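Colleague: Okay, predicted coordinates and the sequence, questions at the end:
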Amino acid sequence: MEPTPVITIGLNVNHPHFDYSMEELQQLVVANHMTSVATLTQKLDHPDAGTYFGKGKLTELTDLVNGTGASTIVANDELSPSQIRNIETATSATVIDRTGLILEIFANRARTKEAKLQVQLAKLRYQLPRLRTSASQRLDQQAAGGGLANRGAGETQLELNRRTIERQITHVRHELKELQRAYTTQSKRRKENQVKTVALVGYTNAGKSTIMNQLVRRFGTNEAKQVFVKNMLFATLDTSVRNLELPGNKQVLASDTVGFVSDLPHKLVEAFKATLAEAAEADLLIQVVDYSDPNQELMMETTTNTLKAIGVPDLPMITVFNKADRTGSRFPERTGANLIMSAQDPASINELVTMMSEQLFADYVQKTYLIPFTAGDLVADLNQNFDVQATAYEAAGTKLTVALPATAAARYHQYEL
Ligand SMILES: Nc1nc2c(ncn2[C@@H]2O[C@H](COP(=O)(O)OP(=O)(O)OP(=O)(O)O)[C@@H](O)[C@H]2O)c(=O)[nH]1
Ligand SMILES: [Mg+2]
């Protein structure tokens, strides 16, 4: 199927990164299987309350619609319902705003039950106020035309629609709660098992899923389970968790999360709070940045703000400047908790894993034990669960040098040399 041709429009109201946000709108359009055939922008002190653009620009837009034959207009801002309707009336084209566009992408891309419910909830919340405004304006028109009887009927219909949506919202929230209860149980079990968790977070298209796949390929306990990678905004919408075993028998759960974007609709941030709970509870965050993108600072700022908005606390973080192969920079190159790297480069992945290990297993201690031959099971235990660095067989038993968490070391205290 050919992508739908659209016209992208934007209003520059003192926007510090206006050009970039328009560029990103083009990519969002592509992610929704559309293509922008023309762009129209205007600089104003404030949007026109009724028509977004000023009068002259609106005429220009109408001409552009007629000239290009595009039947859809995509606006770079969230529009009011009356702005949408007025532009549609003037141009005879369908208008989608930035929030509606992102909601559509998410709706088409959601795969798991939870993601689908989250998106559905966000859509319903987006519709609710729109329903009220548009319907009440219809009521005004009816009232102007006379007939009080009509007005009553209209109100009833409006009430009915609103109640239907509210009921759906309640229903979806209930289903989500059920799912989250299951999730909480899982996460509690993980905590009890003291398995360390890391979450890959960052701007959409930075390479989070690619890094996840490299980690799974090299350290995964179930190699087949790769995650979806694509050069497209919002390739990942669900959090996927994978088991890793880092060198030294170090168990780690890694989660790949939904990417962020500037001006991510508030309703969606809300909606993905639960999905991103994985990140909120992680022992370590790996923020992935596209080092080859000139707008990387803005992207990092957006990531920080979004993490804050969804209530992720200040967690230990490694910042990965990815796609260095597309820049002139040397890689892998580490400075403190920052790593310049490429997801395609095995040495980079090794360096990242070293950094992860250092952060996650800082509470590991090194011990030397002498395990009598009568307690041979313990030797197998230590080998299976921890990082055994040296083994020697002596007359009194097996001598092992092991790196292990302090809490576990307490269990073997009596054998310590
Ligand atoms: N050249 C180069 N390309 C990369 C690198 N890492 C990822 N990519 C490419 O960047 C694109 C996006 O990668 P993903 O891993 O899907 O990005 P993501 O951060 O998971 O994106 P979302 O799921 O949309 O948030 C894909 O085309 C990858 O092949 C890298 O180190 N170098
Ligand atoms: Mg991804």
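Modeller: Thanks, I have the structure now. Ligands and ions are numbered 1, 2, ... in the order given.
Colleague: Point out where this structure drops to low pLDDT.
Modeller: By pLDDT under 70, the low-scoring segments of the chain are 131-155, 186-194, 222-224, 266, 274-275.
Colleague: Could you rerun that using 50?
Modeller: Residue ranges of the chain with pLDDT under 50: 132-150.
Colleague: Can you give me every residue that contacts whichever residue of it sits closest to ligand 1?
Modeller: Ligand 1 sits closest to residue 259 of the chain, with a gap of 2.3 Å, by C-beta to the nearest ligand atom. Bear in mind the C-beta positions are built from the backbone N, C-alpha and C, glycine included. Contacts for residue 259 (C-beta atoms under 8 Å, 6 or more residues apart in numbering) come out as 202, 203, 204, 205, 206, 208, 233, 234, 235, 236.
Colleague: Grab the most central residue of the protein for me.
Modeller: residue 258 (2.1 Å; C-alpha atoms, centre = their mean).
Colleague: Validate this expectation: that residue resides in a strand.
Modeller: No: under DSSP: H, G, I helix; E, B strand; the rest coil, residue 258 sits outside any strand and is assigned coil.
Colleague: That one against residue 233, yeah?
Modeller: No: at 10.9 Å, residue 258 does not count as touching residue 233 under the criterion of C-beta atoms under 8 Å.
Colleague: List the residues that are in contact with both of the two.
Modeller: With C-beta under 8 Å, 6+ apart as the test, residue 258 and residue 233 both reach residue 204.
Colleague: tell me which parts of the stretch 301-417 of the chain are close to ligand 1?
Modeller: Proximity of the stretch 301-417 of the chain to ligand 1, by C-beta under 6 Å from any ligand atom, involves residues 322, 323, 325, 326, 342, 343, 344.
Colleague: Pick out the residue of the stretch 301-417 of the chain closest to ligand 2.
Modeller: residue 343 (11.4 Å; C-beta to the ion).
Colleague: Please, which helix or strand holds that residue?
Modeller: Per DSSP states H and E: residue 343 is located in neither a helix nor a strand.
Colleague: Can you identify each of the strands in the stretch 151-300 of the chain by residue range?
Modeller: Residue ranges of the strands in the stretch 151-300 of the chain, as given by DSSP state E, counting those that start in this stretch, are 196-202, 240-246, 250-256, 284-290.
Colleague: you'd agree residue 214 is up against residue 349?
Modeller: Yes: using C-beta under 8 Å, residue 214 makes contact with residue 349 at a distance of 4.9 Å.
Colleague: Pull up the overlap in contacts between these two.
Modeller: residue 343.
Colleague: Out of the residues of the stretch 301-417 of the chain next to ligand 1, flag the one nearest to residue 68.
Modeller: Lowest distance from residue 68 to those (C-beta to C-beta) belongs to residue 326, with 33.5 Å.
Colleague: show me the residues around residue 197 that make contact.
Modeller: Residue 197 neighbours (C-beta under 8 Å, 6+ apart): 190, 252, 253, 254, 255, 278, 281, 282, 283, 284.
Colleague: measure the fourth one to residue 114 for me?
Modeller: Read that as residue 254. 19 Å (C-beta to C-beta, to the nearest Å).
Colleague: Repeat that for the third one.
Modeller: With distances taken as C-beta to C-beta, residue 253 is found 18 Å from residue 114.
Colleague: Ok, the fifth one next?
Modeller: In this structure, residue 255 lies at 13 Å from residue 114, with C-beta to C-beta as the measure.
Colleague: ok, now the second one?
Modeller: The gap separating residue 252 from residue 114 is 23 Å, by C-beta to C-beta.
Colleague: now the last one
Modeller: Look at residue 284 and residue 114: by C-beta to C-beta, they are 23 Å apart.
Colleague: for residue 412, same thing?
Modeller: From residue 412 to residue 114 the distance is 41 Å (C-beta to C-beta).
Colleague: what pairs with the closest residue in space to residue 54 that isn't next to it in sequence across the strands?
Modeller: In space, and not counting its chain neighbours, residue 54 is closest to residue 48: 5.7 Å by C-beta to C-beta, 6 or more residues apart in numbering. Here residue 48 sits in beta bridges with residue 52, as judged by DSSP bridges.
Colleague: export the residues of the stretch 301-417 of the chain next to ligand 1 to a markdown table and tack on neighbour count?
Modeller: Converted to a markdown table, those look like this (neighbours: other C-beta atoms under 10 Å):
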| residue | neighbour count |
| --- | --- |
| 322 | 29 |
| 323 | 24 |
| 325 | 15 |
| 326 | 12 |
| 342 | 26 |
| 343 | 24 |
| 344 | 14 |
